[in-house]
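Chemist: Have a look at this fold, sequence not included:
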């Protein structure tokens, strides 16, 4: 049964290259059951205002491109059905805490630069094997379960946008990056914690998380970044005290600036 | 000092504040526990309380300020200022403790 409703969309408009201040535009759109916020924004773009800037790609909550503030909460536009919001006016804004490129599009450069710093890939201690692999890096199912839920991250940045620490401390690594650091540091195939420590155990690293857990409440993939940050604190502390990381028996050289990992 | 060491000390001093603060409250407020004040443990616990409160407070302030004023050099400046302030308070506090308990 069709359930068409007229809904007002209050959309944030701002082009930093031209506008001095942001403005709001209201569009009235007929919304059918099942239509997502992204569908509506594309409909506005096609039928009412082609100048509206929206970033999207997969339309199925896999790419993480269409994150935005919808009715004051961080959500993926392609994963949010309009009628489920149960609101006559839907307010759409760009993500908090991130610089605005244009309208609803935000700049992720800061997040991606920080991601590079924590080396989000498997680092082995055997350089020769890394350069010339002779086989697969095997892993037991229980070892996979150690990080599986944290590996679902699509890097949409909703968690970082919701983070209260990142809103004041722009040098904070943010939940998205710290979750990534934890995911690789507890991977049984990885031996690279010592190379990540100078970054994650720094003044603006994981210790600046105060466990507000806003990140976990907005994650569209059900990941719990707040938990991964607390677990990261745990492994850093135990690495410092016992000079080894859990069962992996990795002897850590806790220097302020460890050498670069083998490439 | 690594950030993890600073924060671990923050948690340890929090625990010490609980223990030594409880000692102070029990010794001064509960009937029948006045004997604690006559032991050597009591002035020692007050010294530990002073040091723990100062570290915990200064580190807490540092965390707040580092977040409010992020920057490559601001963290070091904040740490140095708070360390100096903490040491001054500790010296004054220790002096008063010695004056109070010194005659025993």
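Modeler: Structure's in. What do you need? What you see is a predicted model, and the numbers here were worked out from it, not measured in a lab. Residues are numbered from 1 along each chain as shown, chains lettered A, B, ... in the order given.
Chemist: Pull out the buried positions in stretch A:60-71.
Modeler: A:61, A:63, A:64, A:65, A:66, A:67, A:68, A:69, A:70, A:71 (16 or more other CB atoms under 10 Å in any protein chain shown). Placement of C-beta: from N, CA and C, glycine included.
Chemist: again with stretch A:41-51
Modeler: A:41, A:42, A:43, A:44.
Chemist: Which of those residues fall in strands?
Modeler: The members of the buried residues of stretch A:41-51 all map outside strands under DSSP state E.
Chemist: Which of those sits closest to residue A:157?
Modeler: Relative to residue A:157, the closest of the buried residues of stretch A:41-51 is residue A:41; by CB to CB it sits at 17.8 Å.
Chemist: Now do the contacts for the closest one.
Modeler: Neighbour list for residue A:41: A:9, A:11, A:52, A:54, A:77, A:92, A:104 [criterion: CB atoms under 8 Å, 6 or more residues apart in numbering or on different chains].
Chemist: again, 10 Å this time
Modeler: Applying CB atoms under 10 Å, 6 or more residues apart in numbering or on different chains to residue A:41 gives the contacts A:9, A:11, A:27, A:29, A:49, A:52-54, A:56, A:66, A:68, A:77-78, A:92, A:103-104.
Chemist: hmm, which of those are the buried ones?
Modeler: Neighbour counting by 16+ other CB under 10 Å classes A:9, A:11, A:27, A:29, A:52-54, A:56, A:66, A:68, A:77-78, A:92, A:103-104 among the contacts of residue A:41 as buried.
Chemist: wait, does stretch B:48-59 contact chain A?
Modeler: No. Using CB under 10 Å from any CB of the partner chain, stretch B:48-59 stays clear of chain A, coming no nearer than 10.6 Å.
Chemist: I'd like the mean pLDDT over that stretch, please.
Modeler: For stretch B:48-59, mean pLDDT is 97.
Chemist: ok, and the helix or strand in chain A with the lowest average confidence?
Modeler: The weakest-scoring helix or strand in chain A, judged by mean pLDDT, DSSP states H and E, is helix A:127-131 (a mean of 83).
Chemist: now it: how far from the chain's centre is it?
Modeler: Distance of helix A:127-131 from the chain centroid (CA atoms, centre = their mean, to the nearest Å) equals 31 Å.
Chemist: if I look at residue B:100, how far off is residue B:28?
Modeler: To residue B:28, residue B:100 is 13 Å away according to CB to CB, to the nearest Å.
Chemist: cool, and residue B:5?
Modeler: 34 Å.
Chemist: repeat for residue A:213
Modeler: Applying CB to CB, the value for residue A:213 to residue B:28 is 39 Å.
Chemist: Over to residue A:89?
Modeler: For residue A:89, the distance to residue B:28 equals 60 Å [CB to CB].
Chemist: Show me where chain A has its strands.
Modeler: A:5-13, A:23-31, A:67-70, A:73-76, A:89-93, A:100-102, A:105-106.
Chemist: Just send those back as CSV, with distance to residue A:207 and mean pLDDT too.
Modeler: Shown next, in CSV, are those (distance: least, CB to CB, whole Å; pLDDT from 0 to 100):
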stretch, distance to residue A:207, mean pLDDT
strand A:5-13, 34, 96
strand A:23-31, 39, 97
strand A:67-70, 26, 98
strand A:73-76, 24, 98
strand A:89-93, 31, 97
strand A:100-102, 29, 97
strand A:105-106, 26, 98
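Chemist: Mind putting those strands into TSV with distance to residue A:82?
Modeler: Output for the strands of chain A, formatted as TSV (distance: least, CB to CB, whole Å):
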stretch	distance to residue A:82
strand A:5-13	6
strand A:23-31	5
strand A:67-70	9
strand A:73-76	11
strand A:89-93	6
strand A:100-102	23
strand A:105-106	20
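Chemist: hey, which of those strands is tucked in deepest?
Modeler: Most buried of the strands of chain A, by mean neighbour count (mean count of other CB atoms under 10 Å in any protein chain shown): strand A:67-70, with a mean of 25.
Chemist: Can you tell me the strand partners of that strand and which way each runs?
Modeler: Within its sheet, strand A:67-70 is paired with strand A:73-76 (antiparallel), strand A:89-93 (antiparallel), according to DSSP bridges.
Chemist: tell me which parts of chain B are close to chain A?
Modeler: Checking chain B against chain A by CB under 10 Å from any CB, the hits are B:2-8, B:10-11, B:62-64, B:66-72, B:74-76, B:78-79.
Chemist: From those residues, which land in strands?
Modeler: Among these, DSSP E puts none in strands.
Chemist: quick revisit: give me the more crowded residue out of residue A:213 and residue B:28.
Modeler: residue A:213 (18 against 12; other CB atoms under 10 Å in any protein chain shown).
Chemist: what's near enough to touch the more buried one?
Modeler: Contacts for residue A:213 were tallied using CB under 10 Å, 6+ apart; they are A:162, A:163, A:175, A:224, A:225, A:226, A:227, A:229, A:230.
Chemist: Please apply the same query to residue A:136.
Modeler: With CB under 10 Å, 6+ apart, residue A:136 has these contacts: residue A:189.
Chemist: Chain B versus that one, what's the distance?
Modeler: 34 Å (CB to the nearest CB, to the nearest Å).
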